[in-house]
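Asks: Give me a model of this one.
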Amino acid sequence: MKTLGELVREYLPDADVDEVEHVVWGHTGYPAFWNIPADGATPEECFRTQLARYRDGGGREMTLCCDPEGVSRELHKHRTEP
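Replies: Numbers count the residues shown, from 1 in each chain. Next up is the predicted model:
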């Protein structure tokens, strides 16, 4: 199994450690927001799809594959539950 850095470098061969972290945490759904089955059948396939979108978009901001309202509801729920 490849590391996240190895996967990022398949799509961005010149990425240094800082760029790898920036891409993983800022431009993909890692570790939880995957659009299965639209982006792939597994988290790795979804991650690869998101990396390709980032690379092909020239590094521009991308929308994460998730339901922002659903995420907001879950965050609110966890903040208000004892």
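Asks: Just give me the neighbour total for residue 32.
Replies: Neighbourhood size, residue 32 [other C-beta atoms under 10 Å]: 9. No exception for glycine: its C-beta is placed from N, CA and C like everyone else's.
Asks: quick one: secondary structure of it?
Replies: Secondary structure, DSSP: H, G, I helix; E, B strand; the rest coil: residue 32 is coil.
Asks: Where does residue 13 fall, secondary structure wise?
Replies: For residue 13, there is no host helix or strand (DSSP states H and E).
Asks: Roughly how far does it sit from residue 55?
Replies: In this view, residue 13 and residue 55 are 10 Å apart by C-beta to C-beta, to the nearest Å.
Asks: Of those two, which one has the most company?
Replies: Taking other C-beta under 10 Å, residue 13 and residue 55 do not tie; residue 55 has more neighbours (16 against 7).
Asks: what's the more buried one in contact with, if anything?
Replies: The contact partners of residue 55, taken as C-beta atoms under 8 Å, 6 or more residues apart in numbering, are 11, 12.
Asks: ok, now residue 9?
Replies: 15, 20.
Asks: Distance of it relative to residue 44?
Replies: Distance from residue 9 to residue 44, by C-beta to C-beta: 15 Å.
Asks: If you count neighbours, what's buried in stretch 39-50?
Replies: In terms of neighbour count (16 or more other C-beta atoms under 10 Å), stretch 39-50 has its buried residues at 39, 40, 43, 46, 47, 48, 49, 50.
Asks: What is the least confident helix or strand in the chain?
Replies: Least confident helix or strand, the chain: helix 68-80 with a mean of 46, by mean pLDDT, DSSP states H and E.
Asks: Just give the nearest non-adjacent residue to residue 34, would you?
Replies: Spatial nearest neighbour of residue 34, chain neighbours left out: residue 46 (4.0 Å); criterion: C-beta to C-beta, 6 or more residues apart in numbering.
Asks: wait, what's in contact with that neighbour?
Replies: 29, 34, 35, 36, 39, 40, 65.
Asks: And residue 11, by the same measure?
Replies: 48, 51, 52, 54, 55.
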